[in-house]
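A.B. asks: one predicted model, sequence on top.
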2 protein chains.
Amino acid sequence: MRDELRRVDVEASGSTYPVLVGPGAASALPEHVARVTRSARVAVISDSNVGPLHATSIVGALERAGLTATLHTFPAGEASKNRATWSALTDELLDAGLGRDASVVTVGGGVTTDLGGFVAATYMRGLPVVHVPTSSLAMIDAAVGGKTGVDTAAGKNLVGAFHAPGAVVVDTDHLETLPAPFYAEGLVEAVKHGAIRSEGHFAAVEEAASALLSGDGTNAPSIVHDSVRIKAEVVAADEFEAGIREILNFGHTIGHALEAASDFALGHGAAVGIGMVLEARLGERLGVTESGTCARIESALGPLGLPGAGALDGDRVLSYLGADKKTRRGRPRFVFLERIGVAATRGGTAHEAPDGEVRAVLREALK
Amino acid sequence: MRDELRRVDVEASGSTYPVLVGPGAASALPEHVARVTRSARVAVISDSNVGPLHATSIVGALERAGLTATLHTFPAGEASKNRATWSALTDELLDAGLGRDASVVTVGGGVTTDLGGFVAATYMRGLPVVHVPTSSLAMIDAAVGGKTGVDTAAGKNLVGAFHAPGAVVVDTDHLETLPAPFYAEGLVEAVKHGAIRSEGHFAAVEEAASALLSGDGTNAPSIVHDSVRIKAEVVAADEFEAGIREILNFGHTIGHALEAASDFALGHGAAVGIGMVLEARLGERLGVTESGTCARIESALGPLGLPGAGALDGDRVLSYLGADKKTRRGRPRFVFLERIGVAATRGGTAHEAPDGEVRAVLREALK
């Protein structure tokens, strides 16, 4: 039996979808799939790691609920998040005979929800999708908001679509199988949600982090729920990212460039963590961000034990900054904080910065 | 100077976009691109035939209007409408440095508006797109309604997205460079619009067809406008094709199977023409369609001089019917007419039919 689930309703395209959070939430999946699907056919998409751990039992649960589910897995890892894997999964679903009335369930981390979501978004011009995020990063960030997509050689998430899920089912029991370094990756996004929107959440994450990473999941449902609620509020205000939603990109302009410059050896969470620190420092240098903010972010990230940027080359990172999706008129744009809990939104949510200042911050941090 | 343009406003996702129809309409393009774009960067997508005829001058007109336009062409033909070409065009746009604030203009036939529209739909999760359809088929059908996509080995349009354009600019002067067989392909869709929704339009197309195909374009603006208006009404009532919009698929269930079974040697218009005749015959056999309807459609299609189904194998066509997007629970579904001008919508808009009846109609028609 499951505890009472926490629930956030996310507005998207004039309707809403529920995000259900709690231990044992997966048992609620079949009823939510049944609610959004137009037929009994369901394709479950997962990767080679999570498939055996969680997706196989989810297929069984869907079958017991009277649905006809097939499992489609791809090799785990960011390297699979590309057009070739998307194409191969699409062909598998076509071979399996899925019609336009079928549905997709994704079970896995952010790669799976992004990639599987993009398969759903483009299969016969769109199938309903229900996400079952199993990593902290996917629970807190990737599975909510309707972003789907894949990487190309030119950068991350350059190809994709907005495709709101029919539901997101976050079973915090799934975190028990998540290795601590991956768990920490997701908590970076929780720190970010606090940093841009709620000093209280920022403090709560900072306080809970060590216990969560050492296997005490007591606070996982509240941390995940509160992060999802913050993200949902921002997304609801701006589904297609024309304005305020951009604040969710705090740390991501530099973070994505770091990931790309490392050939994706640096994890997303670690890269965004460093990106937040450096963008806060840049904001402080420009007089936009309250002095000391950068140090508080560094301190909050401390318990997460994230890897550093290592031997990354500053010039290489700079060159990737030019290819970022957030580029307008060829120049990178950054989200700045006013202070912890408040993103700077005067004069827009994303800001250009003098090249010299960006270069100085990167050179100082990298080598 | 251009004549006064005819205009249809199409509702989509809570807003509307204009379809402008008339001789010289292309001169209105730059103002509509400027209206929808967030920066001056515009990628013009065209094919190797239409590029030199129309797209080059359109790039010039956009540049004179102060926009920065680059031309991206692909080899003409349905064989290019696949994920590989989509991928290559996307990479070209990335190499050209287009950011998420750029826009796309498509110039060409249905392959170009579908393929270029899908590039726009998925580039950094969606760029605004303005279509300049240059074939009668694209003017009357493909460019309006927001459908984008590509083919796979398993069938037509199996991968794609709904992505409403910011505007559609239909310059009927472009029809002057269109060879008569291609012109006829588009008029099939005009006949279809009459068949499902307006006996008056059905008769007008039948009457105007011979003159249009022999180079007298007098009635082109009214025929195109009236067809677009019918399509727009149906699409507005059902943007994502859950119900009434399916009537636009009249002739298409069998039509798509014929195209696929011919390895796309049979053109879309010719295939849909045959599909309409056969689906009308099937409807008559099932007692849904008024007797004589099939004969009237055959008669209206007569002046178009369409090729026949030739030596296509009925069993092969049947096997492709099973892979159609409109398949639900593994069985093909058909749109039937009550009579000319009225689609049968009792008990839903798309209907199953007994296998034996489908087989009988195909066997009689094919060989």
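C.D. replies: Received it, and whenever you're ready, just let me know what you need. Numbers count the residues shown, from 1 in each chain, chains lettered A, B, ... in the order given.

A.B. asks: residue ranges in chain A under the pLDDT threshold?
C.D. replies: A:1-3, A:239-242, A:323-330, A:367 (pLDDT under 70).

A.B. asks: what are the boundaries of the strands in it?
C.D. replies: For chain A, the strands defined by DSSP state E occupy A:6-12, A:15-22, A:41-47, A:68-74, A:103-108, A:129-133, A:147-152, A:155-162, A:167-171, A:337-339, A:342-343.

A.B. asks: could I get the ones you listed as CSV with mean neighbour count and distance to residue B:201?
C.D. replies: Glycine gets a C-beta too; all of them are placed from N, C-alpha and C. Formatted as CSV, the strands of chain A follow (neighbours: other Cβ atoms under 10 Å in any protein chain shown; distance: least, Cβ to Cβ, whole Å):
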stretch, mean neighbour count, distance to residue B:201
strand A:6-12, 18, 38
strand A:15-22, 20, 35
strand A:41-47, 26, 38
strand A:68-74, 20, 43
strand A:103-108, 30, 38
strand A:129-133, 29, 39
strand A:147-152, 24, 40
strand A:155-162, 23, 35
strand A:167-171, 27, 43
strand A:337-339, 20, 59
strand A:342-343, 18, 54
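
A.B. asks: which residues touch the nearest residue to residue A:31 once chain neighbours are set aside?
C.D. replies: Nearest residue to residue A:31, sequence neighbours excluded (Cβ to Cβ, 6 or more residues apart in numbering or on different chains): residue A:65, at 7.5 Å. Contacts here follow Cβ atoms under 8 Å, 6 or more residues apart in numbering or on different chains; on that basis residue A:65 touches A:30-31, A:33-34.

A.B. asks: list the residues that contact the nearest residue to residue A:149 once chain neighbours are set aside.
C.D. replies: The shortest distance from residue A:149 to any non-neighbouring residue, by Cβ to Cβ, 6+ apart, is to residue A:160 (2.0 Å). By Cβ under 8 Å, 6+ apart, the residues touching residue A:160 are A:114, A:118, A:121, A:147-150, B:122, B:124-125.

A.B. asks: for those, which one is nearest residue B:197?
C.D. replies: Distance to residue B:197, by Cβ to Cβ, is smallest for residue A:121 among the contacts of residue A:160, at 30.4 Å.

A.B. asks: which residues does residue A:20 bridge with?
C.D. replies: Partner residues in beta bridges with residue A:20, using DSSP bridges, are residue A:7, residue A:169.

A.B. asks: hmm, it is touching residue A:168, no?
C.D. replies: Yes: when contacts are counted by Cβ atoms under 8 Å, residue A:20 is listed as touching residue A:168 (7.2 Å).

A.B. asks: for residue A:16, list each beta-bridge partner.
C.D. replies: residue A:11.

A.B. asks: ok, now how distant is it from chain B?
C.D. replies: The gap separating residue A:16 from chain B is 16 Å, by Cβ to the nearest Cβ, to the nearest Å.

A.B. asks: same deal with residue A:177?
C.D. replies: In this view, residue A:177 and chain B are 31 Å apart by Cβ to the nearest Cβ.

A.B. asks: what's the closest non-adjacent residue to that residue?
C.D. replies: Nearest non-adjacent residue to residue A:177, counting by Cβ to Cβ, 6+ apart: residue A:53, 5.5 Å away.

A.B. asks: what does residue A:10 give?
C.D. replies: Of all residues not flanking residue A:10 in the chain, residue A:232 sits nearest, at 4.3 Å (Cβ to Cβ, 6+ apart).

A.B. asks: what's the closest of the contacts of residue A:160 to residue A:270?
C.D. replies: The shortest gap between residue A:270 and any of these belongs to residue A:114, at 18.0 Å (Cβ to Cβ).

A.B. asks: which ones are touching that closest one?
C.D. replies: Residues in contact with residue A:114 (Cβ under 8 Å, 6+ apart) are A:81, A:142, A:147-150, A:157, A:160.

A.B. asks: again, 6 Å this time
C.D. replies: Contact partners of residue A:114, counting by Cβ atoms under 6 Å, 6 or more residues apart in numbering or on different chains, are A:148-149.

A.B. asks: kindly report the same for residue A:335.
C.D. replies: A:247, A:249-250, A:350.

A.B. asks: pull the most distant pair out of those.
C.D. replies: Top of the distance list for these (Cβ to Cβ): A:250 and A:350, 9.7 Å.

A.B. asks: returning to that earlier point: make CSV out of the contacts of residue A:335 and add distance to chain B and neighbour count.
C.D. replies: Formatted as CSV, those follow (distance: Cβ to the nearest Cβ, whole Å; neighbours: other Cβ atoms under 10 Å in any protein chain shown):
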residue, distance to chain B, neighbour count
A:247, 16, 24
A:249, 12, 25
A:250, 17, 28
A:350, 11, 20
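
A.B. asks: follow-up on the earlier one: give me the buried entries from the contacts of residue A:65.
C.D. replies: A:30, A:33 (16 or more other Cβ atoms under 10 Å in any protein chain shown).

A.B. asks: hmm, back to that, burial of the residue nearest to residue A:10, as a residue count?
C.D. replies: Residues within reach of residue A:232, counting by other Cβ atoms under 10 Å in any protein chain shown, total 21.

A.B. asks: ditto for residue A:154
C.D. replies: Using other Cβ under 10 Å, residue A:154 has 16 other residues around it.

A.B. asks: which bits of chain A sit near chain B?
C.D. replies: A:39, A:83, A:87, A:90, A:94, A:99-101, A:122, A:124-125, A:154, A:158-162, A:325, A:327-329 (Cβ under 6 Å from any Cβ of the partner chain).

A.B. asks: quick one: contacts for residue A:307?
C.D. replies: residue A:270.

A.B. asks: try it again at 8 Å.
C.D. replies: Neighbours of residue A:307 in contact, by Cβ under 8 Å, 6+ apart: A:266-267, A:270.

A.B. asks: got it, and residue A:316?
C.D. replies: With contact set as Cβ under 8 Å, 6+ apart, residue A:316 has these partners: residue A:261.

A.B. asks: now the helices for the stretch 201-350 of chain A?
C.D. replies: For the stretch 201-350 of chain A, the helices defined by DSSP state H, counting those that start in this stretch cover A:220-237, A:252-261, A:268-285, A:293-301, A:314-321.

A.B. asks: run the chain-centre distance for the fourth one.
C.D. replies: Put plainly, it is helix A:293-301. 21 Å (Cα atoms, centre = their mean, to the nearest Å).

A.B. asks: buried residues in it, which are they?
C.D. replies: For helix A:293-301, the neighbour count (16+ other Cβ under 10 Å) marks A:293-294, A:296-297, A:300-301 as buried.

A.B. asks: just those residues now: which is nearest residue A:321?
C.D. replies: residue A:294 (18.9 Å).

A.B. asks: what's the closest non-adjacent residue to that closest one?
C.D. replies: Nearest residue to residue A:294, sequence neighbours excluded (Cβ to Cβ, 6+ apart): residue A:280, at 3.9 Å.

A.B. asks: isn't the one you found right up against residue A:293?
C.D. replies: Yes: assessed by Cβ under 8 Å, residue A:280 is found in contact with residue A:293 at 5.0 Å.
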